[in-house]
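S.K.: A structural model of the following input is requested.
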Amino acid sequence: SDIIANASGFTTPNPLTGSIANATLWDAIGAGMAQIAAANYIPNTVGLNPYTYWKLLMVKDSQGRYNVPPFLDLINPMIVQANKVWPNMAFVGDLKQFNVDIYKDFTLRIGWQNDDMIRNQFTIVGEMRFHDYISTSRKPSIMYYNLATARTNITGTGS
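M.R.: Predicted structure coming up:
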């Protein structure tokens, strides 16, 4: 949730605007990855809602053949099914730019519950504290955007 809250959106217009003939949702994912790469980051994660992921895999043409893009081998290792991502949205980014710093190491405390020891109950508390953040200058390395809007933006006659 914190990463999504800090993500930028799909930039329009961009060099792919109107340049992909018959664009699909797979093309919209590729356009997001291209936007991150153009900002000098290496995309390593594609987060999709499970419904969106399976919707992408189950799309067929008019003759019942599955529409799987030739670049699926490039994207598939990066795909993570994430229920925090809304359906028809995509989270694409270079997660190496998002930082998590531990400022209090893990501590474990064990103690008796109450002081009566009649019930023979005790409590175990484990705790660790951390900060998670991304610097403002690195926010273009992660995106959260609507796939349908991106597809509409890049759809054109082709080049």
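S.K.: helix, strand or coil: sort out residue 92 for me.
M.R.: Following DSSP: H, G, I helix; E, B strand; the rest coil, the label given to residue 92 is strand.
S.K.: check contacts around it.
M.R.: 29, 32-33, 36, 43, 45-47, 142-143, 145 (C-beta atoms under 8 Å, 6 or more residues apart in numbering). C-beta: built from backbone N, CA, C; applies to glycine.
S.K.: between these, which sits nearest residue 18?
M.R.: Among the contacts of residue 92, residue 32 lies closest to residue 18 (C-beta to C-beta), at 16.5 Å.
S.K.: thinking again about what came up before, buried subset of the contacts of residue 92?
M.R.: 29, 32-33, 36, 43, 45-47, 142-143, 145 (16 or more other C-beta atoms under 10 Å).
S.K.: what ranges in the chain fall below the confidence cut-off?
M.R.: Across the chain, the ranges flagged by pLDDT under 70 are 113-120, 158-159.
S.K.: biggest strand in it by residues?
M.R.: Longest strand in the chain by number of residues (criterion: DSSP state E): strand 99-112.
S.K.: save the buried ones among the contacts of residue 92 as a markdown table, and put in distance to residue 4 and secondary structure too.
M.R.: Formatted as a markdown table, the buried ones among the contacts of residue 92 follow (distance: C-beta to C-beta, whole Å; DSSP: H, G, I helix; E, B strand; the rest coil):
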| residue | distance to residue 4 | secondary structure |
| --- | --- | --- |
| 29 | 16 | helix |
| 32 | 14 | helix |
| 33 | 17 | helix |
| 36 | 15 | helix |
| 43 | 15 | coil |
| 45 | 12 | strand |
| 46 | 13 | strand |
| 47 | 8 | strand |
| 142 | 8 | strand |
| 143 | 10 | strand |
| 145 | 11 | strand |
